[in-house]
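Novice: starting from these lines, generate the structure:
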Amino acid sequence: MTLLGLLVASAAAFAITEHLKLEKSPLSAALVSNVRGRERSQGHVLIAPTCKCPTNTAALRIKLRQSGRVTVYIVDSSGHTVRTIASGEPVQAHTPTRFVWNGRTDTGRVAPDGVYYPGVKLSRKDFQFLNKITVDTVPPKVLAVKTVKKTPVLLAGPGRTVAIRYSLSEPAHALVYLGSRQIISSNKTKTHDVVKWAGTLSGEPLRPGRYVLSIGAQDVAGNKTPAAKRKHATVVVRYVEVSPRRLTVRAGHRLAVHVKTAAKRYTWRLGQRHGSHRGKVLHLRAPTTPGTYRLVVAENGQTTTALVQVHG
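Specialist: Numbers count the residues shown, from 1 in each chain. Okay, here's the model as predicted:
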């Protein structure tokens with residue numbers, strides 16, 4: 001009789017255990033994403049609470065199998081609750097409900113940089129999200145900016161660019177500014193790479209001149225290098241160059257100047273004569289009247305000059 005009782009009790013315990021194993025969680029979904037990002041059930045989310053960007057908050061989405069009241073909270077890596085986002089909030093069954101954490105504690109201060117975990121309390125039970133949220137408020141530093149020359153000259157034109165090498169304190173997108181305007185953002189997040197500039201602004205070629213570009217960065221969390229911390233590179237934009245810039249020649253004699261341009265053809269004017277040419281060397285005949293003349297070479301509306309001194 002005792003043996004039979006033990007067998008019955010064991011069978012009952014096994015049945016209860018199996019029932020607990022098969023019991024479904026009241027949470028049918030628990031996802032975390034940036035507010036404007038793709039929601040994910042695994043991995044982690046980076047947020048930068050102090051940046052004015054889409055990644056300054058994290059969105060927590062839950063879905064219940066049955067209607068109930070939930071408490072949503074954030075704990076740090078030590079398990080201490082730093083923020084209660086919702087307390088006893090009613091949630092309808094099978095309806096995705098979103099809660100947003102702005103990276104701040106219950107006191108309103110920005111949470112220290114580190115890893116945090118969202119949780120949900122439902123029917124006196126605590127459920128942990130699969131995701132973790134990393135708070136990052138430190139912007140990347142630009143360690144170095146280099147060009148081929150100290151002040152490189154860009155002969156602008158189709159396919160012509162100047163390369164700017166950079167080194168950052170962490171993997172990030174390189175950002176290039178002209179004045180206060182951002183003109184380039186690198187596609188990849190790297191600690192060092194090269195960005196190329198074609199001498200354009202919004203796709204339009206700039207006038208010849210000297211331009212100062214400031215180089216910053218934006219990390220994955222969204223933090224941007226402050227303007228005061230950016231490093232600079234100076235680039236001279238030209239469309240056509242001639243050398244030498246001063247020539248002395250006898251009246252009626254031939255002269256030659258070297259022309260650099262990205263264009264296949266350019267125009268020239270010397271005294272009363274003018275024409276077009278293609279090639280790296282422009283051969284002309286000097287005026288027959290002594291004096292000082294300007295040789296004007298132009299490409300797509302951009303010009304450069306050389307002084308020609310004609311002797312008798």
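Novice: any chance you could map the strands in the stretch 101-250 of the chain?
Specialist: If DSSP state E, counting those that start in this stretch is used as the criterion, the strands of the stretch 101-250 of the chain fall at 114-122, 125-128, 132-135, 142-147, 153-155, 162-178, 181-185, 190-197, 200-201, 204-205, 209-219, 231-238, 240-243, 246-250.
Novice: any idea how far the fifth one is from the chain center?
Specialist: Going back to what we said before, that points to strand 153-155. The chain centroid and the centroid of strand 153-155 are separated by 25 Å under CA atoms, centre = their mean, to the nearest Å.
Novice: buried set for stretch 131-139?
Specialist: 131, 133, 134, 135, 136, 137, 139 (16 or more other CB atoms under 10 Å). (C-beta placed from N, C-alpha, C; glycine too.)
Novice: again but with stretch 151-165, I slipped
Specialist: If you call a residue buried by 16+ other CB under 10 Å, then stretch 151-165 has these buried ones: 154, 155, 156, 157, 162, 164, 165.
Novice: closest one to residue 296 out of these, please.
Specialist: Top of the list for closeness to residue 296, among the buried residues of stretch 151-165 and by CB to CB, is residue 155 at 17.6 Å.
Novice: that older thread, tell me which two of the buried residues of stretch 151-165 sit farthest apart.
Specialist: Largest pairwise distance in these, by CB to CB, is 22.2 Å, between 157 and 165.
Novice: how close does the residue nearest the centre of the chain get to residue 223?
Specialist: Nearest to the mean C-alpha position of the chain, counting by CA atoms, centre = their mean, stands residue 173 at 3.9 Å. Residue 173 sits 11 Å away from residue 223, taking CB to CB, to the nearest Å as the criterion.
Novice: related to what we said a few turns ago, can you redo the strands of the stretch 101-250 of the chain as JSON lines with distance to residue 100 and mean pLDDT?
Specialist: Below are the strands of the stretch 101-250 of the chain laid out as JSON lines (distance: least, CB to CB, whole Å; pLDDT from 0 to 100):
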{"stretch": "strand 114-122", "distance to residue 100": "11", "mean pLDDT": "94"}
{"stretch": "strand 125-128", "distance to residue 100": "19", "mean pLDDT": "88"}
{"stretch": "strand 132-135", "distance to residue 100": "12", "mean pLDDT": "94"}
{"stretch": "strand 142-147", "distance to residue 100": "32", "mean pLDDT": "97"}
{"stretch": "strand 153-155", "distance to residue 100": "46", "mean pLDDT": "91"}
{"stretch": "strand 162-178", "distance to residue 100": "25", "mean pLDDT": "97"}
{"stretch": "strand 181-185", "distance to residue 100": "26", "mean pLDDT": "97"}
{"stretch": "strand 190-197", "distance to residue 100": "31", "mean pLDDT": "97"}
{"stretch": "strand 200-201", "distance to residue 100": "37", "mean pLDDT": "94"}
{"stretch": "strand 204-205", "distance to residue 100": "40", "mean pLDDT": "90"}
{"stretch": "strand 209-219", "distance to residue 100": "21", "mean pLDDT": "96"}
{"stretch": "strand 231-238", "distance to residue 100": "36", "mean pLDDT": "96"}
{"stretch": "strand 240-243", "distance to residue 100": "56", "mean pLDDT": "94"}
{"stretch": "strand 246-250", "distance to residue 100": "68", "mean pLDDT": "95"}
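Novice: can you put these in TSV and add distance to residue 101?
Specialist: Listed next are those as TSV, based on distance: least, CB to CB, whole Å:
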stretch	distance to residue 101
strand 114-122	7
strand 125-128	15
strand 132-135	7
strand 142-147	30
strand 153-155	46
strand 162-178	23
strand 181-185	27
strand 190-197	29
strand 200-201	39
strand 204-205	43
strand 209-219	19
strand 231-238	34
strand 240-243	57
strand 246-250	69
